[in-house]
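A.B. asks: below: sequence and its predicted model.
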Amino acid sequence: MGTPHLQGNKGDYAPVVLMPGDPLRAKYIAETYLENVKCVNEIRNMFGYTGTYKGTPVSVQGSGMGQPSIGIYSYELYNFFDVQSIIRVGTAGGIDDSVQLRDLILAQGACTNANYAAQYNLPGTYAPISSFRLLRKAAESADRLGFPVRVGNVFSSELFYDDADSLADWQKMGVLAVEMEAAALYMNAARAGKEALCICTVSDCPLREEFTTAEERQTGFTRMMELALETVR
């Protein structure tokens, strides 16, 4: 079923999709790790690819930045293309004092200041969480690969430039890092009866003013990519 945002038909995407925010990171993952790669989406230059990783069919699709953007693309993948599992692979800003640059974080849950859950008309506050099956498999894969990971809560912010400067408030609740997509992805997965996980690399620690380079964020976080691929095969 074609849509204004993703081209193609059912079967063009594999049952499992890796979703980086940056479409150029999607291209890098596909060209570096997948075999028999086919480009399945170019609309709005939000590149999507399908291939195989060690014999397992895998797709990689850019999501764009923020919950509204990943909300559109993940909804279509789950509901129009029969995708069963989505793993977001992206960057996050470290919040907790123990988090360091380049740490790997498995987002068990995702707090948010966004109003995304309002559409479901729930009589309370929804707590977006990851798929335990994917979370456990990712943690086991990380152990096998020798990749240290942090598992816990992240904050999916609706804002990048936050005038209230609220990260310290989330820090006191033990939130590990801030990113911008996981909560909406987890809610879309829950509503569709599908699976989702967010694996992030810490690209900066804003409270300590520590940062990595743009080039490293695009192509240098290979452990995150390898961990996601080992989780889905």
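C.D. replies: Sure thing, it's come through.
A.B. asks: and stretch 97-108, C-alpha only, in PDB?
C.D. replies: What follows is stretch 97-108, C-alpha atoms only, in PDB (Å, rounded to 0.1, in the frame of the first residue of the first chain):
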ATOM      1  CA  ASP A  97      26.400  11.800  36.100                       C
ATOM      2  CA  SER A  98      27.600   8.200  35.500                       C
ATOM      3  CA  VAL A  99      27.000   8.400  31.700                       C
ATOM      4  CA  GLN A 100      30.000   9.100  29.500                       C
ATOM      5  CA  LEU A 101      30.500  10.000  25.900                       C
ATOM      6  CA  ARG A 102      30.100   7.000  23.500                       C
ATOM      7  CA  ASP A 103      28.300   4.900  26.100                       C
ATOM      8  CA  LEU A 104      25.600   2.500  24.700                       C
ATOM      9  CA  ILE A 105      22.200   2.900  26.200                       C
ATOM     10  CA  LEU A 106      19.200   0.500  25.900                       C
ATOM     11  CA  ALA A 107      16.100   2.500  26.500                       C
ATOM     12  CA  GLN A 108      13.900   0.300  28.800                       C
END
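A.B. asks: could I get the average pLDDT for that stretch?
C.D. replies: In this model, stretch 97-108 has an average pLDDT of 96.
A.B. asks: cool, and stretch 161-170?
C.D. replies: 90.
A.B. asks: which residues does that stretch contact?
C.D. replies: 93, 95, 111, 113, 155, 178, 206-207 (Cβ atoms under 8 Å, 6 or more residues apart in numbering). Using the backbone N, CA and C atoms, a C-beta is placed for each residue, glycine as well.
A.B. asks: restricted to strands, list these.
C.D. replies: 93, 111, 155, 178 (DSSP state E).
A.B. asks: ok so, going back, please check the contacts of stretch 161-170 and keep the buried ones.
C.D. replies: Applying 16 or more other Cβ atoms under 10 Å to the contacts of stretch 161-170, the neighbour count classes 93, 95, 111, 155, 178, 207 as buried.
A.B. asks: so the first one bridges to which residues?
C.D. replies: Meaning Gly93. Under DSSP bridges, the beta-bridge partners of Gly93 are Val178, Asp204.
A.B. asks: rewinding a little: and of the ones in strands among the contacts of stretch 161-170, the nearest to Asp103?
C.D. replies: The nearest member of the ones in strands among the contacts of stretch 161-170 to Asp103, counting by Cβ to Cβ, is Gly93 at 11.2 Å.
A.B. asks: now distance to Asp143 too, for the contacts of stretch 161-170, in a markdown table please.
C.D. replies: Shown next, in a markdown table, are the contacts of stretch 161-170 (distance: Cβ to Cβ, whole Å):
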| residue | distance to Asp143 |
| --- | --- |
| Gly93 | 26 |
| Ile95 | 25 |
| Cys111 | 26 |
| Asn113 | 33 |
| Phe155 | 26 |
| Val178 | 26 |
| Pro206 | 29 |
| Leu207 | 29 |
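A.B. asks: looking at the residues you listed, spot the one nearest Leu135.
C.D. replies: For those, the residue nearest Leu135 by Cβ to Cβ is Cys111; the value is 16.5 Å.
A.B. asks: how many other residues sit next to Val60?
C.D. replies: 33 (other Cβ atoms under 10 Å).
A.B. asks: nearest residue to the spatially most central residue of the chain other than its sequence neighbours?
C.D. replies: Compute the mean C-alpha point of the chain, and by Cα atoms, centre = their mean the closest residue is Arg88, 1.8 Å away. Closest residue to Arg88 apart from its sequence neighbours, by Cβ to Cβ, 6 or more residues apart in numbering: Cys198 at 4.2 Å.
A.B. asks: correct me, but that neighbour touches Leu176?
C.D. replies: No: at 11.3 Å, Cys198 does not count as touching Leu176 under the criterion of Cβ atoms under 8 Å.
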